[in-house]
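J.: using only what follows, build the 3D model:
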Amino acid sequence: MKTPFDQYPEYEFDSTRSIESLRSIERDDFQDFLIHHHGHRLENLKIIEDSFASEKDYFEPVKISYFKATNGKENFVIRKFRERIDEPLKYELVSGDYSLKCIRLEIQTEEIGKELGREFKDAPLPQNKIAAFLKLYQHISENIDIQNLERVVEESSNPLEIYYKMDDLSLAYLLRNCRNIFNKQEYLNIEAFIHRHKDDGVLLLKATYRIEITERAKAKKRPVSARFFMEKKKAVEKV
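T.: Just a heads-up that it's a prediction; the model follows:
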């Protein structure tokens, strides 16, 4: 993967010596790649957007990641990994495909509680009503079809955690049932809270996914009988 950092030097520092002992080592990663693959047929691949997946956080340097790429005619699955922090990344083609399976859809319980406490500090909502509201929202989330939800851009340190906006039907159901929990003024407050945070705040639903690898079955060689070789041998002898 060619980047502007390919020719940046690498620095070594001996902690037992002074700062002057910092040593600069010249690098050219792309040139090393060309030398390593000298004589191989090279082909440019374009990474398919939003295809990155890894079970560890983005900032974790030692992990296994997957992404998809294309040459314009065919798509490929690429496995990116390294086993130690001091070794370069390795890439290999995966024989098969992968998909993400949603294993959990949940509300941000702790974040909602904290935000309600901050926004209604002067006129706090009763704790039993907050608990009832959280229970109601969690119940609604457990019955939502994630296929009907709109994904939103929300910062997450893990590529397998994705945030979604509640659909309009579920939102209406939540507001209607809030009338059974809160009194008139409390309901007006919670209604305004819901509309403030439903699109990009603590009311977003958090989905957790799992990577599922589907290996491509290798083509089996058809068995050839001894009779075939005998007939082939006779045919050659006649010629």
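
J.: what's the distance between the most centrally placed residue in the chain and residue 172?
T.: In the chain, the residue lying closest to the centroid (C-alpha atoms, centre = their mean) is residue 159, at 2.8 Å. Using C-beta to C-beta, to the nearest Å, residue 159 is found at 32 Å from residue 172. Quick note: C-beta positions are derived from backbone N, CA and C, even for glycine.

J.: surely residue 141 touches residue 107?
T.: Yes: using C-beta atoms under 8 Å, residue 141 makes contact with residue 107 at a distance of 5.3 Å.

J.: give me the common contacts of those two.
T.: residue 205 (C-beta atoms under 8 Å, 6 or more residues apart in numbering).

J.: the strands in the protein, which residues?
T.: 10-12, 23-25, 46-47, 53-54, 64-70, 75-81, 90-93, 96-106, 150-151, 161-165, 205-215 (DSSP state E).

J.: residue 198: which of those strands is closest?
T.: Smallest distance to residue 198 across these (C-beta to C-beta): 6.6 Å, for strand 161-165.

J.: buried sites along that closest one?
T.: Neighbour-count burial for strand 161-165, counted by 16 or more other C-beta atoms under 10 Å, picks out 162, 163, 164, 165.

J.: in TSV: these, plus distance to residue 36 and pLDDT.
T.: Output for the buried residues of strand 161-165, formatted as TSV (distance: C-beta to C-beta, whole Å; pLDDT from 0 to 100):
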residue	distance to residue 36	pLDDT
162	36	93
163	40	94
164	43	95
165	46	94
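
J.: gap between the residue nearest to the centre of the chain and residue 68?
T.: 13 Å.

J.: next one: residue 164
T.: For residue 164, the distance to residue 68 - C-beta to C-beta - is 22 Å.

J.: mind listing what the closest residue to residue 173 other than its chain neighbours touches?
T.: Nearest non-adjacent residue to residue 173, counting by C-beta to C-beta, 6 or more residues apart in numbering: residue 140, 6.2 Å away. By C-beta under 8 Å, 6+ apart, residue 140 lies in contact with 170, 173, 174.

J.: wait, doesn't residue 214 sit right on residue 96?
T.: Yes: taking C-beta under 8 Å as the definition, residue 214 is a contact partner of residue 96 at 5.0 Å.

J.: mind checking pLDDT for the nearest residue to residue 80 once chain neighbours are set aside?
T.: Nearest-residue entry for residue 80: residue 65, 4.5 Å, with adjacent residues in sequence omitted and distances by C-beta to C-beta, 6+ apart. pLDDT, residue 65: 95.

J.: ok, now residue 36?
T.: In this prediction, residue 36 has a pLDDT value of 87.

J.: any idea how far it lies from residue 91?
T.: 12 Å.

J.: neighbour-wise, which of these two wins?
T.: Taking neighbours as other C-beta atoms under 10 Å, residue 36 and residue 91 compare with residue 91 leading, 14 against 8.

J.: distance check, the more buried one against residue 127.
T.: Counting by C-beta to C-beta - residue 91 and residue 127 are separated by 53 Å.
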